[in-house]
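A.B. asks: The sequence and its predicted three-dimensional model are supplied below.
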Amino acid sequence: MAIQGASAPVTIFRNRPRVLLLFVVLALIFIVQGIATAGYFAFFDDGAGFQFAGIGLALFVILIGVLFGGYALIRIRDRHAPIAIDSNGLQDQIISSRPIPWSDIRNLRIFPSPRGGPSIVFDLAETAEIQAGVYRRALIEAGLNRAAGGYSYHLHPAGTDASIESLIAAIRPFAAIDGA
């Protein structure tokens, strides 16, 4: 649940460790499935030429499990609030190391998604990415999102106590959200 500050309106969204632990369990399932698949293709070659493709696919499944589980474990151990919203700006620990000032956020809007429900998405002013300390991974993701004709950045509430409604309510005192 969001915590509102008494003097200045500050909204902090916290991690939900049980949900993140579920992510770790799912990641372990991916890893075990990948190892089993790699073992099958390594030891039971049927001569049809699928051995390398099968092992490659299995290694990809293992990689997804390691990345997914690693992300969840990092989030479980991190004691910083993953999302904080106040008059200074918006901070999503997955996007940047510092708050992004409201004056640098452009085109803040609700993006409807058939998978996982709507998201809050936005673009940044030209120099804002450097000033806010946007992480390299987030910069690459933003470039891919723009190339696909969508948005640049989106809030990452997965594994937190944030909902689309609570995020909108927290942002509304500081910025207008199109579609809200």
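C.D. replies: Good, I have the coordinates. Numbering: from 1, shown residues only.
A.B. asks: contacts and neighbour counts: CA atoms only from here.
C.D. replies: Will do.
A.B. asks: Would you map the strands across the chain?
C.D. replies: Using DSSP state E, the strands of the chain run over residues 3-4, 11-13, 83-86, 89-92, 105-111, 119-124, 153-154.
A.B. asks: tell me the centre residue of this protein?
C.D. replies: A centroid search over the chain (CA atoms, centre = their mean) returns H156, at 4.1 Å, as the residue closest to the centre.
A.B. asks: pretty sure that residue contacts S96?
C.D. replies: No - applying CA atoms under 8 Å as the test, H156 and S96 come out as separate, 11.6 Å apart.
A.B. asks: Tell me the bridge partners for the closest residue to G179 other than its chain neighbours.
C.D. replies: Distances taken as CA to CA, 6 or more residues apart in numbering place I110 nearest to G179, at 5.5 Å, with adjacent residues excluded. I110 forms beta bridges with I120, as assigned by DSSP bridges.
A.B. asks: List the contacts of I110.
C.D. replies: Shown in contact with I110 (CA atoms under 8 Å, 6 or more residues apart in numbering): 118-121, 177-180.
A.B. asks: what do you get if the cut-off is 10 Å, keeping everything else the same?
C.D. replies: Contact analysis of I110 by CA atoms under 10 Å, 6 or more residues apart in numbering lists 118-122, 154, 164, 168, 177-180.
A.B. asks: Show me which of those residues is closest to A142.
C.D. replies: H154 (8.9 Å; CA to CA).
A.B. asks: With adjacent residues omitted, what lies nearest to that closest one?
C.D. replies: Excluding its sequence neighbours, the residue lying closest to H154 (CA to CA, 6+ apart) is V121, at 4.1 Å.
A.B. asks: The closest residue to F41 other than its chain neighbours: neighbour count?
C.D. replies: On the basis of CA to CA, 6+ apart, the spatially nearest residue to F41 that is not a chain neighbour turns out to be Q51, at 5.2 Å. A count of nearby residues for Q51, using other CA atoms under 10 Å, gives 18.
A.B. asks: got a list of what G150 touches?
C.D. replies: G150 neighbours (CA under 10 Å, 6+ apart): 111, 121-123, 142-144.
A.B. asks: out of the residues you listed, which are buried?
C.D. replies: Buried members of those, scored by 16 or more other CA atoms under 10 Å, are 111, 121-123, 142-143.
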